[in-house]
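K.L.:
no sequence on this one, just coordinates:
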């Protein structure tokens, strides 16, 4: 199916969503994106869960998605991903895709022409933007836009952590992977352990960032094709996991954070969903910590405060005029919780061996 | 008012910020700009609601003497102390 054959009415589309992992301490955003679309009063279409591990809970949550398929891991490259998308398209219509994981965005970006050929709509930043906003390039981005960022450098030699104070890097420090992982460390031993953990799970390079005392505030929004920031929703973290991930948060209206997001997206000619992670330092300054090219795991809050951003993205993909949005309601709290999902043996087995199960058991 | 963890430097109340505070009937106060929340007791709730409705601090003190059995002097001191603590809680 080509893009010409796709219905203009996104409300009846079949929408594929990635990032269906739901680890209690660090859930991916996919399930929350699915909940937003499912609960939109006008949506009557179908949702397809795409994920990388047969133990990702979103593959089996029938309230969230209608069908589910495994994808090849991003490290296998865009050719393997495209082949799998062709297989999926031979079984089911896919009108749009909402990528929710940082690690898959490079592949999906390279596949933009192929996705369009397959009739799958998507809205992503271009490759240059994806590179410019990467963690290791954040200080340069900050310098170019006048946005404050914590000093960041790549570490190639673990000996750095024994002598870093001589170079003006005092503990505590934040150790980060290029794509995932962040640990606050207070001495060289903790730093080396954190590096090892991140490298084992996510590979190199390892980044070290200055620790800024303060509290984290985040913003999510969608940018249209002209880099106009739409539907901003902001929250302050109230409770975090031991990984620093939000366990609870509350919606706020921080004008400075909004202006930071507008400055960055204008400079980068941003397209598609985004999350700005920032720190309000004890010095009162606002620091950019990360700029993510996807919806965050707390995106369900956008639906809760009257600004359903995944639905807004669908308006853009369908080239519909975006609806006027109400002001985001402040003071709305989210509290994350974990729950067990019972999965029939045959469904799990089908997913693990064939990469999909078409429908829930009768 | 619960400890907000903020420095005790003197600061005056910003009327704009005061206006936007969300105040529950049970005394939970939420600042939508910073995301901070804190609790106030019944007297604090009375003072806060009066201040939000645009009543001057002097008039708030007078109203307190009508509601509670306190002198104008102690009511004035209470309103001043509360206002100062409130200003520190909405950075």
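P.N.:
That came through fine. Nothing here was measured: the structure is a model prediction, and the numbers come from that model.
K.L.:
Spell out which parts of chain B neighbour chain A.
P.N.:
Contact residues (Cβ under 8 Å from any Cβ of the partner chain) of chain B with chain A: B:22, B:30, B:32, B:33, B:34, B:35, B:37, B:91. (Glycine included, C-beta is placed from N, CA and C.)
K.L.:
Of the residues you listed - the most surrounded one?
P.N.:
residue B:35 (24 neighbours; other Cβ atoms under 10 Å in any protein chain shown).
K.L.:
Can you point out the helix or strand that includes the nearest residue to it once chain neighbours are set aside?
P.N.:
Spatially, and ignoring its direct neighbours in sequence, residue B:35 is nearest to residue A:236 (2.9 Å; Cβ to Cβ, 6 or more residues apart in numbering or on different chains). According to DSSP states H and E, residue A:236 maps onto strand A:229-240.
K.L.:
Tell me the gap between the next helix or strand after that strand and the middle of its chain.
P.N.:
Sequence order places strand A:246-252 as the next helix or strand after strand A:229-240, per DSSP H and E. Relative to its chain's centre, strand A:246-252 lies at 16 Å (Cα atoms, centre = their mean, to the nearest Å).
K.L.:
which stretches of the chain have low pLDDT?
P.N.:
In the absence of a named chain, chain A is used. Low-confidence segments of chain A, defined by pLDDT under 70, span residues A:1-5, A:358-362.
K.L.:
Actually, chain B is the one I wanted.
P.N.:
B:1-11.
K.L.:
Could you check how far the residue nearest the centre of it is from residue B:27?
P.N.:
Central residue of chain B (Cα atoms, centre = their mean): residue B:48, 4.2 Å from the mean position. Residue B:48 is 9 Å from residue B:27, where distance means Cβ to Cβ, to the nearest Å.
K.L.:
Identify the contacts common to the two.
P.N.:
Residues touching both residue B:48 and residue B:27 (Cβ atoms under 8 Å, 6 or more residues apart in numbering or on different chains) are residue B:40.
K.L.:
gap between the residue lying farthest from the centre of chain B and chain A?
P.N.:
Distance from the C-alpha centroid of chain B, by Cα atoms, centre = their mean, peaks at residue B:69 (19.5 Å). Shown here: residue B:69 relative to chain A, a distance of 35 Å by Cβ to the nearest Cβ, to the nearest Å.
K.L.:
Secondary structure element holding the residue of the stretch 1-150 of chain A found nearest chain B?
P.N.:
In the stretch 1-150 of chain A, the residue that lies nearest chain B is residue A:148 (17.4 Å; Cβ to the nearest Cβ). Under the criterion DSSP H and E, no helix or strand holds residue A:148.
K.L.:
mind pulling up the phi and psi values for it?
P.N.:
phi -70, psi 140 (degrees, to the nearest 10).
K.L.:
For it, which non-adjacent residue is spatially closest?
P.N.:
residue A:287 (4.9 Å).
K.L.:
now do residue A:343
P.N.:
Residue A:343's closest residue in space is residue A:60 (Cβ to Cβ, 6+ apart), at 4.7 Å.
K.L.:
ok, that neighbour to residue A:87 distance?
P.N.:
To residue A:87, residue A:60 is 20 Å away according to Cβ to Cβ.
K.L.:
When these two are compared, which one has more neighbours?
P.N.:
residue A:60 (23 against 12).
K.L.:
For chain B, just list every one of the helices.
P.N.:
For chain B, the helices defined by DSSP state H cover B:15-20, B:42-52, B:57-67, B:72-89.
K.L.:
Now do the buried residues in the helix or strand harbouring residue A:346.
P.N.:
Here residue A:346 sits within helix A:345-354, counting by DSSP H and E. Within helix A:345-354, the residues scored as buried using 16 or more other Cβ atoms under 10 Å in any protein chain shown are A:347, A:350, A:351.
K.L.:
Pull the contacting residues for the last one.
P.N.:
Right, the one you point to is residue A:351. A:54, A:59, A:60, A:68, A:70, A:357.
K.L.:
No more questions from me, cheers.
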